[in-house]
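K.L.:
sharing a model prediction with you, sequence too.
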Amino acid sequence: KNEVEQSPQNLTAQEGEFITINCSYSVGISALHWLQQHPGGGIVSLFMLSSGKKKHGRLIATINIQEKHSSLHITASHPRDSAVYICAVNTNTDKLIFGTGTRLQVFP
Amino acid sequence: EPEVTQTPSHQVTQMGQEVILRCVPISNHLYFYWYRQILGQKVEFLVSFYNNEISEKSEIFDDQFSVERPDGSNFTLKIRSTKLEDSAMYFCASMSGPWDYGYTFGSGTRLTVV
C-alpha cells in the first residue's frame, strides 16, 4: 500500500473551473508538500504545510492532521495550470515520500 | 531566485558504462538529495547527504551508486555500471536546513540506458 495516495489520478477542466486535488497519507508526518511538475519534467515547490491552510495567488492548500488528509485547490483555473500536481510528505526524516501525482489538463 | 542546476539535461549511455550526473545546489544550502522518477511512475528517494556524508539512503541506492561533493559547489551522483532499469529522470534537490523544509529541485537529468 502506498503511504501517500492522491485522487484523482487524472483531471480535466474547463478554463475558469474550481479544481480540487486530494491527498491522503497513512503515516505520521512532520510536513506535507504540494509540488508542481511541468511537462518538461522540472519540479517546483508550491506549498509546505504542517497545519491549517496556506494561500498563494489562485492556489490554496489545506491540511487536516487528524484525518491525515490534504487538499490543493485552484480557483479560476487557466490552461497554464496544466501540469502534474504531486503531494509529498516528510515523516521523521528529511527525505520526501511522494504520491503518484494528479495530471491536470485545463482546456480553454 | 536561486536555482539548483543539473547537467546534463539528457544523457544516453550504453549498458555497463559509468555515468556521473552533476548538480550545483544553492550556495548556502546544507542538505542535498537525489531522487529518481522512472517514466510513468512516482518520484522515489535515493539518498540524502549532509556534512560530507550520506545521512540516509534507500534500498535502490546499492553499491552501484555513489555520491560525492568534490568541492564546495558540486554534488554528483555516480552510477558505476548502468543497467537498462536505471533509465529514469534523476532530480537533485537541496535545502538550507530541516527547520524550514524548503526544498529546491533541479530541472532533472533524463538518463537513457541503451
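P.N.:
Right, received. Where do you want to start?
K.L.:
need the strands for the chain, in chain order.
P.N.:
Since you didn't name a chain, this refers to chain A. A:4-7, A:10-14, A:19-25, A:31-37, A:43-49, A:52-56, A:59-64, A:69-74, A:83-90, A:96-98, A:102-107 (DSSP state E).
K.L.:
right idea, wrong chain: chain B
P.N.:
Under DSSP E, chain B gives strands at B:5-7, B:10-13, B:19-24, B:31-37, B:44-50, B:53-57, B:65-68, B:75-79, B:88-95, B:103-105, B:109-113.
K.L.:
which regions of chain A sit below the pLDDT cut-off?
P.N.:
In the predicted model, chain A carries pLDDT under 70 at residues A:1.
K.L.:
would you point out which residue is most central in chain B?
P.N.:
For chain B, the residue lying nearest the average C-alpha position, counting by CA atoms, centre = their mean, turns out to be residue B:34 (3.2 Å).
K.L.:
next, the contact list for that residue, please.
P.N.:
The neighbours of residue B:34, taking CB atoms under 8 Å, 6 or more residues apart in numbering or on different chains as the test, are B:21, B:23, B:46-47, B:67, B:77, B:90-93. Every C-beta, even on glycine, is put in place using the N, C-alpha and C of the backbone.
K.L.:
one more time with 7 Å, if that's ok
P.N.:
By CB atoms under 7 Å, 6 or more residues apart in numbering or on different chains, the contact list for residue B:34 reads B:46-47, B:67, B:77, B:90, B:92.
K.L.:
one more: residue A:76?
P.N.:
Here residue A:76 is in contact with A:16, A:58 (CB under 7 Å, 6+ apart).
K.L.:
returning to that earlier point: the strands of chain B into CSV, with extra columns for mean pLDDT?
P.N.:
Listed next are the strands of chain B as CSV, based on pLDDT from 0 to 100:
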stretch, mean pLDDT
strand B:5-7, 96
strand B:10-13, 98
strand B:19-24, 97
strand B:31-37, 96
strand B:44-50, 96
strand B:53-57, 95
strand B:65-68, 96
strand B:75-79, 97
strand B:88-95, 96
strand B:103-105, 94
strand B:109-113, 98
